[in-house]
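Engineer: Following is a predicted model, sequence given first.
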Protein chains: 2
Amino acid sequence: MSKYRIGLFGFGCVGQGLYETLEKNIQLPADIVKICVKDPDKERPLAADAFVYDPKEILNDDTINLVVELIDDADKAFDIVQEALKRGKPVVSANKKMVAENLDRLIELQQIHRTPVLYEGAVCGSIPVIKTLEDYYSLEQIREIKGIFNGSTNYILTKVIEENKSYDEALEAAQANGFAETDPTLDVEGYDPKYKLSIVLQHAFGIHVHPDQIFNQGIQNITRADIAFARERGLKIKLLAKATRYEDRISAFVAPHFVSRESPLYHVENEYNAVLVNGDFANEQLLVGKGAGKLPTGLAVLSDVASITQDYQYILNREASDLSHSSTTEEVYVSFKSDETLDFSMFHVISEKYVGQQSGYVIGEIDIPALKTLLKDSSANVIFTSGARAETEIHKLTYSYEIG
Amino acid sequence: MSKYRIGLFGFGCVGQGLYETLEKNIQLPADIVKICVKDPDKERPLAADAFVYDPKEILNDDTINLVVELIDDADKAFDIVQEALKRGKPVVSANKKMVAENLDRLIELQQIHRTPVLYEGAVCGSIPVIKTLEDYYSLEQIREIKGIFNGSTNYILTKVIEENKSYDEALEAAQANGFAETDPTLDVEGYDPKYKLSIVLQHAFGIHVHPDQIFNQGIQNITRADIAFARERGLKIKLLAKATRYEDRISAFVAPHFVSRESPLYHVENEYNAVLVNGDFANEQLLVGKGAGKLPTGLAVLSDVASITQDYQYILNREASDLSHSSTTEEVYVSFKSDETLDFSMFHVISEKYVGQQSGYVIGEIDIPALKTLLKDSSANVIFTSGARAETEIHKLTYSYEIG
């Protein structure tokens, strides 16, 4: 008998990925003994007797000593996780929304019940972001962490920008390939990468910022004109999550960015994710890997299961009493329909303005709360320029990229 | 008083980097209490009373409970490490030659004395290669691991190929910037990346291959004609270390490779290192970071010190009884002076041959032992083509790269 008996909640894409990776892994002392799913009538790749339908069948089972939570519903997931911890069962979760929204409480519960929760699979699929931040970068001061945190939108942007597909075609292809979540709005409107960024803030800077406090703009309003603008200037558009330290302040947001060929992120396409860490000692480090898909995310969850069997827990040792989250002034490009009236007085500086027959744009510097007001109830789109403020002061790239 | 009292051997570039990173890190329960150096008369950035000159002063000091070994001499380093382990003192080393040549014995000694040795700093500077292989990829079957394992030669190649510098100018610049080791031949002839590859083989595939058994060709024979050839075909030349699994065999070597724009390694320049891992679950993952320099390597050593304070040790859990190292047939480009006679009958296939007034080249398939014979006592140069064999079967890249 294996030492670890797993009760699994959810048997979607990632749950099946875990099942497959765990079956192929004979060295790990862990077995899935019960799988709890919602719908008894749904067809599944395993026989019906593998499944239970009442969470209590796992939570009340004293022989189960590890809970893996992989369901969609964040609130139900949090209930399950709380119950499991109360009963001293360690938890592995890949639910980014649940973790991001409840991180303070999860940290507290782990301390009270001396039972760990791990959630590598919640952030950037197969890339070991949390583990690397915890075990390696915890020793140094991080200046900036940014990247492509959502595989689905990166896939869509690649198809739309590089292959001239329509947005709808691209979204359908992403869903057909299993890269898009059940509800695509979480991806395309930038919520999914925001949850991940909120989790990363805890492990990179030691502060918990609730996702509601983080600005997010997705890719849903990007127009053909925006893409043409990027192409003319030799840029790509990438949906980036970004957190930058300015002395005692952390600025964090999710938004489409113009990215030039000199950035390593320019070259990361399709469902790949990338995390670029800039620290005092290591300088710049890049991690690239599949951010979505059954087996890549399955591996991340499997690695957490293995870590639990080795009594691993997050140390969460950043001391951040002096840090606060605050919004910054950023250089942005805002595009709009020519007949729409926007209050440009909210910009500190406008460096370019163009109005054509159908659409126009401005480029200028604006505070993020003002930007939020500007975009509210508008079909206007914003793309951050990755301009002077962020790129030259904080994040001077030392890779040499050939301009082809 | 700190829990861990460190005895440090060597106070060169990395030793000073460790000292600096450790001083800035107040959370780590570890202090350097003695530094053993060779030459009492050398000027150093610390006062003379910080140093001792006899290894016994550290090894026989029962209050010292962690030895960090950062000296150049691999044999002396191994003596120190053996003595330390015998006395139950955990060891952190960044000596790639010492580790690679003695890995079997180091694993044995750790088991006998139940005392760990960690050596993250020995492989690719700031990139946490060993840790990631141990803690994350240990759960999956790795198909291939390859990359730019030497910052010094990558810096030289960048200057020579991209900036048209002479080889000597580029080497001098690398040394002036602290990217080249005390003896540059270890770097430029491909020994340094070979030591690293030997260590990686243990952690990625579970087999120890002594560096003497691994083919290495450096960059010292690359000619202007080779560079012109690469440019004409839109390729770069990169010194790659590469290990590929073919069923029950592992092929491993270090050699210059032609690399096309589609490869993520094409974009990694200057002193940066890169490691590209291809596994069954995660598919392709890329890690990029500074492979040389005081603080980046200092951070890797610091992270090992932190791991020791957390009772971490390498699990080394790959079962590889069925794997053996054997050489393969590879497609290579061999360039030579026109007046030199080479025995081309050793090629299985020759697909291109050119002979000009001064120099010529052939492209063809050859077994690695035959290639070694061909190159012996010759000024001929070889560049692996990264051709069909390796790239299309094993390692089909799924990144999309724009051809500029």
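Structural biologist: That came through, no problem.

Engineer: what about residue A:215, how many neighbours?
Structural biologist: Counted with other CB atoms under 10 Å in any protein chain shown, residues neighbouring residue A:215 total 19. For every residue, glycine as well, the C-beta is placed using N, CA and C.

Engineer: Give me the pLDDT value at it.
Structural biologist: Here, the pLDDT recorded for residue A:215 equals 97.

Engineer: shouldn't it be in contact with residue A:242?
Structural biologist: No: contact criterion CB atoms under 8 Å: residue A:215 and residue A:242 do not qualify, at 10.5 Å.

Engineer: Give the residues shared as contacts by these two.
Structural biologist: Common neighbours of residue A:215 and residue A:242 (criterion: CB atoms under 8 Å, 6 or more residues apart in numbering or on different chains): A:253, A:254, A:255.

Engineer: From these, pick the one nearest residue A:13.
Structural biologist: residue A:254 (22.8 Å; CB to CB).

Engineer: Of the shared contacts of residue A:215 and residue A:242, which is the most crowded?
Structural biologist: Neighbour count (other CB under 10 Å) singles out residue A:254 as the most crowded of the shared contacts of residue A:215 and residue A:242, with 29 neighbours.

Engineer: Would you list the phi and psi of that one?
Structural biologist: The phi and psi values for residue A:254, taken as degrees, to the nearest 10, are phi -120, psi 130.

Engineer: One more: residue A:250?
Structural biologist: Note on residue A:250: backbone dihedrals following degrees, to the nearest 10 are phi -120, psi 130.

Engineer: Tell me the pLDDT of it.
Structural biologist: Predicted confidence (pLDDT) for residue A:250: 94.

Engineer: residues near it, how many?
Structural biologist: 23.

Engineer: Show me what from the stretch 201-350 of chain A comes close to chain B.
Structural biologist: Residues of the stretch 201-350 of chain A lying close to chain B (CB under 8 Å from any CB of the partner chain) are A:261, A:264, A:267-270, A:272, A:279-290, A:295-296, A:298-299, A:302-303, A:306-307, A:310, A:315, A:317, A:319.

Engineer: Give me the buried entries from those.
Structural biologist: A:261, A:264, A:267-270, A:272, A:279, A:281-290, A:295-296, A:298-299, A:302-303, A:306-307 (16 or more other CB atoms under 10 Å in any protein chain shown).

Engineer: give me the residue from the stretch 101-250 of chain A nearest chain B.
Structural biologist: Residue nearest to chain B within the stretch 101-250 of chain A (CB to the nearest CB): residue A:126, separated by 4.0 Å.

Engineer: Next up, identify which helix or strand the closest residue to that residue other than its chain neighbours is on.
Structural biologist: Nearest non-adjacent residue to residue A:126, counting by CB to CB, 6 or more residues apart in numbering or on different chains: residue A:296, 3.4 Å away. Element membership for residue A:296 (DSSP states H and E) is helix A:294-309.

Engineer: Mind listing residues that contact the helix or strand following that helix?
Structural biologist: Once the chain leaves helix A:294-309, the next helix or strand it forms, by DSSP H and E, is strand A:324-325. With contact meaning CB under 8 Å, 6+ apart, strand A:324-325 is reached by A:201, A:207, A:209, A:213, A:248, A:249, A:250, A:251, A:252.

Engineer: In space, what's closest to residue A:150 - neighbours in sequence excluded?
Structural biologist: In space, residue A:150 is closest to residue A:193, 4.4 Å off (CB to CB, 6+ apart).

Engineer: got the CA positions of the helix or strand containing the one you found in CSV?
Structural biologist: Residue A:193 belongs to helix A:191-205 when assigned by DSSP H and E. C-alpha atoms of helix A:191-205 as CSV (Å, rounded to 0.1, in the frame of the first residue of the first chain):
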residue,chain,number,x,y,z
TYR,A,191,-8.7,37.8,-14.9
ASP,A,192,-6.8,34.5,-15.1
PRO,A,193,-3.3,36.1,-15.3
LYS,A,194,-4.4,38.5,-12.6
TYR,A,195,-5.1,35.7,-10.2
LYS,A,196,-1.7,34.3,-10.9
LEU,A,197,-0.1,37.7,-10.5
SER,A,198,-1.7,38.1,-7.1
ILE,A,199,-0.2,34.7,-6.0
VAL,A,200,3.2,35.6,-7.4
LEU,A,201,3.2,38.9,-5.5
GLN,A,202,3.0,36.9,-2.2
HIS,A,203,5.9,34.7,-3.1
ALA,A,204,8.1,37.3,-4.9
PHE,A,205,7.5,40.3,-2.6
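
Engineer: What is it packed up against?
Structural biologist: helix A:96-101, helix A:103-113, helix A:129-135, strand A:142-148, strand A:215-216, strand A:235-246, strand A:249-260 (3 or more CB pairs under 8 Å, 6 or more residues apart in numbering or on different chains; DSSP states H and E).

Engineer: and that helix, how far from the chain's centre?
Structural biologist: 7 Å (CA atoms, centre = their mean, to the nearest Å).

Engineer: Kindly calculate the angle that that helix makes with strand A:142-148.
Structural biologist: Put simply, helix A:191-205 runs at 160 degrees to strand A:142-148, going by axes from the mean of the first three to the mean of the last three CA atoms, to 10 degrees.

Engineer: Can you give me the buried ones in helix A:191-205?
Structural biologist: Using 16+ other CB under 10 Å as the test for burial, helix A:191-205 gives A:191-205.

Engineer: Repeat that for stretch A:374-388.
Structural biologist: Residues A:374, A:375, A:378, A:380, A:381, A:382, A:383, A:384, A:385, A:386, A:387 are the ones in stretch A:374-388 that count as buried (16+ other CB under 10 Å).

Engineer: For chain A, which segments count as helices?
Structural biologist: A:13-24, A:56-59, A:74-86, A:96-101, A:103-113, A:129-135, A:151-162, A:167-176, A:184-188, A:191-205, A:224-232, A:294-309, A:368-375, A:388 (DSSP state H).

Engineer: now those helices in CSV, with mean pLDDT?
Structural biologist: Converted to CSV, the helices of chain A look like this (pLDDT from 0 to 100):
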stretch, mean pLDDT
helix A:13-24, 90
helix A:56-59, 98
helix A:74-86, 98
helix A:96-101, 97
helix A:103-113, 95
helix A:129-135, 92
helix A:151-162, 94
helix A:167-176, 89
helix A:184-188, 92
helix A:191-205, 96
helix A:224-232, 93
helix A:294-309, 92
helix A:368-375, 95
helix A:388, 36
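
Engineer: could you dump these to TSV with distance to residue B:94?
Structural biologist: Putting these into TSV (distance: least, CB to CB, whole Å) gives the following:
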stretch	distance to residue B:94
helix A:13-24	33
helix A:56-59	46
helix A:74-86	40
helix A:96-101	36
helix A:103-113	34
helix A:129-135	18
helix A:151-162	36
helix A:167-176	44
helix A:184-188	42
helix A:191-205	26
helix A:224-232	44
helix A:294-309	26
helix A:368-375	43
helix A:388	38
